[in-house]
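**Student:** Turn this into a model:
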Amino acid sequence: MVQLSKGTWVLVADGKKALFLENVTDAHDPNLVVRRVEEQDNPPNRDQRSDRPGRMTDPGPGQRSALAEADWHRLEEARFAAHAAEILYRLAHRGVFDRLVLVAPPRTLGELRAHLHKEVAARVVAEIGKDLTNHPGDQLEKVLLAELAGA
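**Tutor:** Residues are numbered from 1 along each chain as shown. Model (predicted):
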């Protein structure tokens with residue numbers, strides 16, 4: 001069972017918001033204090049595209065195929081995860097935290113993992129694949145305790 005001991009940092013993130021929290025009390029009654037908030041405006045893909053997907057000529061008379069359209073919303077989520085991973089690296093390199101819990105939806109968690117520096121990855125003590133960015137602080141602490149107890 002992983003505990004939220006004093007000094008453990010928690011990153012709660014999704015594709016457009018990241019909360020960097022620190023537990024300032026003990027593991028039995030955690031008090032997560034927000035140390036940093038990062039947000040980006042990432043409208044739905046339909047609002048980010050500028051044109052219809054391109055088309056290309058296929059062999060044969062008058063045949064054309066549509067090209068796949070880029071998912072700009074998902075690309076921005078991936079960039080944001082890389083940005084959060086970079087912040088974690090800077091904090092870890094300065095010795096700000098020794099233990100880290102990552103909390104994010106599965107896709108964002110995968111993006112974070114892909115961008116974590118080995119110095120940060122070595123400090124990860126738990127991962128929770130849920131979107132908790134919009135939970136109030138007291139509920140967030142309860143959900144984290146329940147999730148970590150089951151891990």
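
**Student:** and R36, how many residues sit next to it?
**Tutor:** Residues lying near R36 (other C-beta atoms under 10 Å) number 14. Every C-beta, even on glycine, is put in place using the N, C-alpha and C of the backbone.

**Student:** so which strand or helix has it?
**Tutor:** Using DSSP states H and E, R36 sits within strand 32-39.

**Student:** ranges for the helices of the protein?
**Tutor:** 45-48, 72-93, 106-115, 118-121, 137-150 (DSSP state H).

**Student:** How about A104, nearest residue that isn't a chain neighbour?
**Tutor:** Spatially, and ignoring its direct neighbours in sequence, A104 is nearest to A13 (4.6 Å; C-beta to C-beta, 6 or more residues apart in numbering).

**Student:** shaky segments in this protein?
**Tutor:** Of all residues in the chain, those with pLDDT under 70 make up the ranges 41-58, 60, 62-71, 73, 151.

**Student:** closest to D29 out of the helices of the chain?
**Tutor:** Closest of the helices of the chain to D29 is helix 137-150, at 8.5 Å (criterion: C-beta to C-beta).

**Student:** Just list what that closest one packs against, helices and strands only.
**Tutor:** strand 32-39, strand 100-103, strand 124-128 (3 or more C-beta pairs under 8 Å, 6 or more residues apart in numbering; DSSP states H and E).

**Student:** switch to 10 Å and redo it
**Tutor:** In terms of contacts (3 or more C-beta pairs under 10 Å, 6 or more residues apart in numbering; DSSP states H and E), helix 137-150 is packed against strand 9-13, strand 17-23, strand 32-39, strand 100-103, strand 124-128.

**Student:** is it possible to export these to JSON lines including distance to G150?
**Tutor:** Formatted as JSON lines, these follow (distance: least, C-beta to C-beta, whole Å):
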{"stretch": "strand 9-13", "distance to G150": "16"}
{"stretch": "strand 17-23", "distance to G150": "18"}
{"stretch": "strand 32-39", "distance to G150": "19"}
{"stretch": "strand 100-103", "distance to G150": "14"}
{"stretch": "strand 124-128", "distance to G150": "10"}
